[in-house]
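1. only geometry, no sequence info:
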């Protein structure tokens, strides 16, 4: 049970007619737009003035009152706020530490550029890279792209995604699986995923588990818990969640052909 509630900003949603998920146009355009925006934003973010915030006080308040582990405090795109990266995600905090917002910041003057998503993309890219060595990887022979996928062995759409792993590999896409047991760390689900990660042949064990077979118990030094906590930090709240090479996130299953097309178009 959560011990606190966050204030959340609401942005007028984009109409479904504009998204066009059904023919894949949105996915391709979204990936291309994030890649372009990240380059444009890098220069502008460097020019932000330093905030006059009491970082020590902010760290202390968020830790003692809200139980958050503060990792970084940085300038935000909005004057009067600082951007705080924590173990529970990205937040904006007033300079005096009185107000906390869980929000998406859009830059109206830059065609509604999602400044929050740009910041999260950088965190995702760095985070999944650090976990790559502890992932279960299905490597493409003729590798063109690498993606990281937060997955759960009991998730129906994760199983559907994995059924297309050969098609993804054939398209030159290497898949790094990261564990995200949806039932939490004190669950049978978590224990089963540890067993998969600790199996003699993790690839085979993962494939069998996603086919609905029983998981043989196994234990070892592993980073399943760390991968799960990374997912929470990066805003993962379901599976599969696909992290693209630029750090952008696709929340949910996408067919292999559409995903391959999006990656190719993004180049």
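-> In hand now; what should we look at? Keep in mind the model is a prediction, meaning the values are calculated, not measured.
2. count of neighbours near the closest residue to residue 121 other than its chain neighbours?
-> Leaving out its chain neighbours, the residue that sits closest to residue 121 by CB to CB, 6 or more residues apart in numbering is residue 247, at 3.4 Å. Glycine gets a C-beta too; all of them are placed from N, C-alpha and C. Neighbour count of residue 247, defined by other CB atoms under 10 Å: 24.
3. helices of the protein, residue ranges please.
-> Residue ranges of the helices in the chain, as given by DSSP state H, are 16-19, 25-46, 55-66, 115-131, 156-162, 165-170, 188-197, 202-210, 224-233, 256-266.
4. out of these, the one nearest residue 87 is which?
-> Proximity to residue 87 (CB to CB) singles out helix 224-233 among the helices of the chain, at 5.4 Å.
5. where does the prediction get shaky in this protein?
-> The model of the chain has pLDDT under 70 over residues 1-52, 267.
6. picking up where we left off before, what sits against the residue nearest to residue 121?
-> With contact taken as CB atoms under 8 Å, 6 or more residues apart in numbering, residue 247 is in contact with 38, 120-126.
7. for those residues, which single residue is the most surrounded?
-> residue 124 (25 neighbours).
8. and of the contacts of residue 247, the nearest to residue 265?
-> For the contacts of residue 247, the nearest to residue 265 is residue 38 (16.1 Å; CB to CB).
9. still on that earlier bit, can you list the helices of the chain in CSV and add distance to residue 109?
-> Below are these laid out as CSV (distance: least, CB to CB, whole Å):
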stretch, distance to residue 109
helix 16-19, 21
helix 25-46, 10
helix 55-66, 28
helix 115-131, 11
helix 156-162, 38
helix 165-170, 39
helix 188-197, 45
helix 202-210, 46
helix 224-233, 30
helix 256-266, 25
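10. quick one: which of these is nearest residue 99?
-> Of all the helices of the chain, helix 55-66 comes closest under CB to CB, at 10.9 Å.
11. next, the buried residues of that closest one.
-> Using 16 or more other CB atoms under 10 Å as the test for burial, helix 55-66 gives 55, 58-59, 61-62.
12. stretch 209-229 too?
-> Neighbour count says stretch 209-229 has 209-210, 215, 218, 222-224, 227-229 buried, by 16+ other CB under 10 Å.
13. got it, and stretch 188-206?
-> Buried, per 16+ other CB under 10 Å, within stretch 188-206: 189-199, 202, 205-206.
14. what about residue 106, how many residues close to it?
-> Residue 106: 16 neighbours (other CB under 10 Å).
15. list the contacts of it.
-> Counting by CB under 8 Å, 6+ apart, residue 106 has contacts 11, 112-115.
16. closest one to residue 91 among the helices of the chain?
-> With CB to CB, the closest approach to residue 91 among the helices of the chain belongs to helix 55-66: 8.1 Å.
17. quick one: the buried residues of stretch 209-229 as TSV, columns for distance to residue 85 too.
-> TSV is the format used below for the buried residues of stretch 209-229 (distance: CB to CB, whole Å):
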residue	distance to residue 85
209	32
210	32
215	34
218	34
222	25
223	20
224	22
227	18
228	17
229	13
